[in-house]
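Q: structure for this input, please:
(chains A and B)
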There are 2 protein chains.
Amino acid sequence: MEINRHYLELQDSYLFSTIGKKVNEYQKAHPEANIIRLGIGDVTLPLCREVITALHGAVEEMGVKETFRGYGPEQGYDFLNDAIRGYYGEHGVKLEANEIFVSDGAKSDLGNILDIFGQDNRVLIPDPVYPVYVDTNIMAGRKVLFMDATAENGFLPLPDRNIKADLIYICSPNNPTGAVYNRQQLKEWVDYANEQNAVILFDAAYECFIQDPGLPRSIFEIEGARTCAIEFCSFSKIAGFTGTRCGYTVIPSELVRDGTPLQKLWLRRQTTKFNGTSYIVQRGAAAVFTQEGQRQIRENLGYYMENARTIAAAMEEMGIWFTGGKHSPYIWLKCPNGMKSWDFFDLLLEKANVVGTPGAGFGKNGEGFFRLTAFGDKQNTAEAVERIKKLLTK
Amino acid sequence: MEINRHYLELQDSYLFSTIGKKVNEYQKAHPEANIIRLGIGDVTLPLCREVITALHGAVEEMGVKETFRGYGPEQGYDFLNDAIRGYYGEHGVKLEANEIFVSDGAKSDLGNILDIFGQDNRVLIPDPVYPVYVDTNIMAGRKVLFMDATAENGFLPLPDRNIKADLIYICSPNNPTGAVYNRQQLKEWVDYANEQNAVILFDAAYECFIQDPGLPRSIFEIEGARTCAIEFCSFSKIAGFTGTRCGYTVIPSELVRDGTPLQKLWLRRQTTKFNGTSYIVQRGAAAVFTQEGQRQIRENLGYYMENARTIAAAMEEMGIWFTGGKHSPYIWLKCPNGMKSWDFFDLLLEKANVVGTPGAGFGKNGEGFFRLTAFGDKQNTAEAVERIKKLLTK
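A: Numbering: from 1, shown residues only, chains lettered A, B, ... in the order given. Below you'll find the predicted structure:
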C-alpha cells in the first residue's frame, strides 16, 4: 500500500491563515479598532430575487411525487444548457449542447480536468497565480513551468516560442491581478497552442466584470480556439453562487488530441466520477439568464464595480501603479516606496485598520504587490479608501 | 500533449442503454402494453416535508444579506457534521468532527478518493459489482483483481490470504446483489486488511435498509476498522437525494499509511479540488436527522421495503433462489430453468411486460442472475409480481 507521494511535495498554504492570525491578534490588542476587510475574494450581496424564486420553485417540485427529480444527466439539464448557450450567443459565441458540461463549480472542474491528460505533459502557469492550478498539477506529479507576469508586461505574459508546453493556464480577467487580455493577445496564445498541439485551460470565472465590449469574455471569441481550448466558468461571481455551487466547462467538438475528442474523455470522467449538480441549484442557475435575472445580477455587479472604481480612483489620485479595477473586482497595486507585500500588509492593518492580501502569497512575482477587492460593503470600501489616502499622502 | 490513455482501456457500458432500447422497441411494436419497470436504481418518492421545509428556509437565508452564505468549509458545515455524528452514535459508532467529510455524493467521493493513493496499488473488487469501482481504477491505470461472489458463497466472498491486495472494495448491503455481511464476516475482512496493511473502501450507501440490529450498518462497528477502513455514505437512498446531491466520507484519525494520515491527504484533496456542497442542500440533509425527519424518512423506507417483501415473497413461493430483499431494496435472483440473464430479460419483457436488469451487466458472475428493485410504485410492484408468478408457474 502506498499513498500518492506527490501530495508530500505540496507546500502548505499559509496565506489566508496567516492573514487571519495577524488580524485576530491586532483586533485583540486593539478591541476598539474598526477593521475593514478588503482582502476577501468572496461575494457579500445575497442571491437576487429571480434566483431565490426559482430555487423555491424547484424545492417545491422536489416535495411532490409527480414533479420530483431523481438522478439527472451528469452533464446538466437541458434547460440550463440552453440558458448558457443563449448567454454565449449574446457575445457572439455559438456553442452546441454537447459542448457544455454543468458542474458544482469551476474549482472542481479545474482540478478534475487533469484526469483526462497524461502525466508527462508539460504545464505552463503564470506567476503570480490562483494556487489551485499549481497544486493540482503537483498532486498529479506533473512538471510545472512558470511564465513571468510582471509590471513590465502589465501582468499579461505572452507566448515564448522557445518554451514547449502541453497544458497552458490562462485566467482573464485575472485572479489576483485583475489584468485582462485583449483579442490580439489571446490570439497569440491560441496560435501558439495550435502550433504546439497544446491545450489552453481558460479560466473565465471573472468574465462578467468586463465592461468594454471590445475585450473578449470567452476564449471562443478568438479564431482558432475551438481546436485548442477548454473554458471554465462559474456562477460564483456573476450571481453570488460561492455557497450555492454551480459552474460549467466548455469543450468544443473540434478539440481532439491523440486521435480522441477531449469532450468524449470528459463526458466519461463525469459520468463515472460525478452524478450531476443538484436539480434545485440548476434551476437557480438558469434563472440568472432570464431577462429579469440579468437585470438583477447586473445591479449587483454594478455595486461591486462601483467599489472597484472607488479604489482605482484613489490609486490614480495617489499615483500608485496598479492593474485591474476596470474589468475586474481586483485591484493589484504596487506597494508604495518599494515596500514588500507583507510590510505593506502590516502598515495598512496597523495604521489604517484595513486588511488586504499580500501579493507575495500568489507567487514570487507577487512580491512588492498587494491585492484589494471590490466585494465589500460600499460604505466600508469608501471609508477604507479614505483611510489609505490619509495614511499614504500625509 | 498526450491524453490519459488509460481511458481508452475502458469498456463502453451498454447495460442501461441496451435495456432502454429493447424496452422502447417493444413498446413501439406493442403500444397497448402496460410495461412496469422494476429495473431502476433510482428512488421515486419525493423528499419528505421536514427536508422540504429546511430547504425553503435555507433558500430564504440566501436571499437576505445578513444571513447569506458564501464559501463554506470544503468539508461541510458543523451543523451537518454534528447531525451525522449523532446518527452514527445511535448505532454505537463514535466519530470525531474531523473524521467526516461532506460532499455532493458518494459516487464523487468513491471516484475522487483514488487521487490520494499511489498508482501501483493492487485493487481487489468483487464480481458482480457496481461498475464505478472498476472503471475509476482502470482510469488511473491500476491493476484490478476480482474476487468471486457466487451463489455458493451467498454473494459474500471472504478474504483469501493467498491474494495480496492494497485497496479492497466492499459494498454491504450490496449493489446489485442485496447481500449483507454479518459482523463475523466483516471482522474477517478487517483482520485481513490490517494484516496486509491494506485499506478497505466500504460503500455503506444502502445501510438504511438494514432491518436487523444485529447486522452492521457501518464498518466502524467492527473492532480494528479504524486502522484500515474508509466509509462512504449517501443521502440518495436514505432520503431520496439522488437529484438533490449530498453524501459523506468517514476517515478515522488512526488510518495512517506511508507515515501519513489519510485524513490529511483527503482534506488536502478536497480543499484543492472541491469547494464544498451547496449550503442549501446541506441544510436539507441535516433535516434528515431531526426526530421528525427520521420519522418521515422511515415511512418512505418502509414503503420501499414493503415492495421488497412483496417481490421476495413471490420468489420464495415460486422456489426461486435469491439474495437481498430483506435488508436491501434489491432482489438478486437466479434465472429459472438455467436461463441466461438476457434471455430471462426478454422473456419477462415480452411475456409479462416487466423490465428488470440482467445480472450479466454487473460482471461475469452475474450471468444467469437478474436484479429486481423495490423503488417502484406499490401497486405496480404488486401487479408486476402477479404477472411474473402467472408466467413462471403456469
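
Q: got a pLDDT number for the residue of the stretch 151-300 of chain A found nearest chain B?
A: Closest to chain B within the stretch 151-300 of chain A is A:K273: 2.9 Å, counting by C-beta to the nearest C-beta. (C-beta placed from N, C-alpha, C; glycine too.) Among the per-residue scores, A:K273 holds a pLDDT of 97.

Q: got the residue ranges for the helices in the stretch 1-150 of chain A?
A: All helices of the stretch 1-150 of chain A, identified by DSSP state H, counting those that start in this stretch, fall at A:15-29, A:49-62, A:78-90, A:106-112, A:131-139.

Q: flag the shaky bits of chain A, pLDDT-wise.
A: Counting by pLDDT under 70, not a single residue of chain A qualifies.

Q: check the separation of the first and last residues in stretch A:207-214.
A: Using C-alpha to C-alpha, to the nearest Å, the end-to-end distance of stretch A:207-214 comes to 13 Å.

Q: not counting sequence-adjacent ones, nearest residue to A:E195?
A: A:R161 (7.9 Å; C-beta to C-beta, 6 or more residues apart in numbering or on different chains).

Q: for the one you found, helix, strand, or coil?
A: Under DSSP: H, G, I helix; E, B strand; the rest coil, A:R161 falls in the coil class.

Q: coming back round to it: what's the local residue count around the residue of the stretch 151-300 of chain A closest to chain B?
A: 21 (other C-beta atoms under 10 Å in any protein chain shown).

Q: go ahead and confirm it touches B:G105.
A: No. At 10.1 Å, A:K273 does not count as touching B:G105 under the criterion of C-beta atoms under 8 Å.

Q: quick one, what contacts the residue in the stretch 51-200 of chain A positioned nearest to chain B?
A: Relative to chain B, the nearest point of the stretch 51-200 of chain A is A:G111 (3.0 Å; C-beta to the nearest C-beta). Residues counted as contacts of A:G111 (C-beta atoms under 8 Å, 6 or more residues apart in numbering or on different chains) are A:V132, A:T136, B:T272, B:K273, B:F274.

Q: these, buried ones only, as a PyMOL selection?
A: The buried residues among these can be selected in PyMOL (16 or more other C-beta atoms under 10 Å in any protein chain shown) with this line:
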select buried, (chain A and resi 132+136) or (chain B and resi 272+273+274)
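
Q: pull the number of nearby residues for A:E221.
A: By other C-beta under 10 Å, the residues close to A:E221 number 16.

Q: nearest residue to it other than its sequence neighbours?
A: A:V93 (5.9 Å).

Q: list phi and psi for the one you found.
A: Main-chain torsions, A:V93, degrees, to the nearest 10: phi -110, psi 120.

Q: that one - how many residues pack around it?
A: Neighbours of A:V93 under the rule other C-beta under 10 Å: 20.

Q: residue numbers of the stretch 201-350 of chain A in contact with chain B?
A: Counting by C-beta under 8 Å from any C-beta of the partner chain, the stretch 201-350 of chain A comes close to chain B at A:240, A:242-245, A:257-258, A:260, A:262, A:265, A:268-269, A:272-281.

Q: rewinding a little: how far away is the residue nearest to A:E195 from A:Q196?
A: Per C-beta to C-beta, to the nearest Å, A:R161 is found 9 Å from A:Q196.

Q: cool, A:N24 as well?
A: 47 Å.

Q: for A:F241, which non-adjacent residue is closest in space?
A: Per C-beta to C-beta, 6+ apart, closest to A:F241 is A:F235, 3.7 Å.

Q: give me every residue that touches that neighbour.
A: With C-beta under 8 Å, 6+ apart, A:F235 has these contacts: A:F241, A:T244, A:C246, A:G247, A:A285, A:V288.

Q: tell me where the stretch 151-300 of chain A has strands.
A: Applying DSSP state E, counting those that start in this stretch to the stretch 151-300 of chain A gives strands spanning A:167-171, A:199-203, A:229-234, A:247-250, A:256-257, A:260-261.

Q: output those as a markdown table; include the columns distance to A:D377.
A: What follows is the strands of the stretch 151-300 of chain A, written out as a markdown table (distance: least, C-beta to C-beta, whole Å):
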| stretch | distance to A:D377 |
| --- | --- |
| strand A:167-171 | 26 |
| strand A:199-203 | 27 |
| strand A:229-234 | 23 |
| strand A:247-250 | 26 |
| strand A:256-257 | 46 |
| strand A:260-261 | 47 |
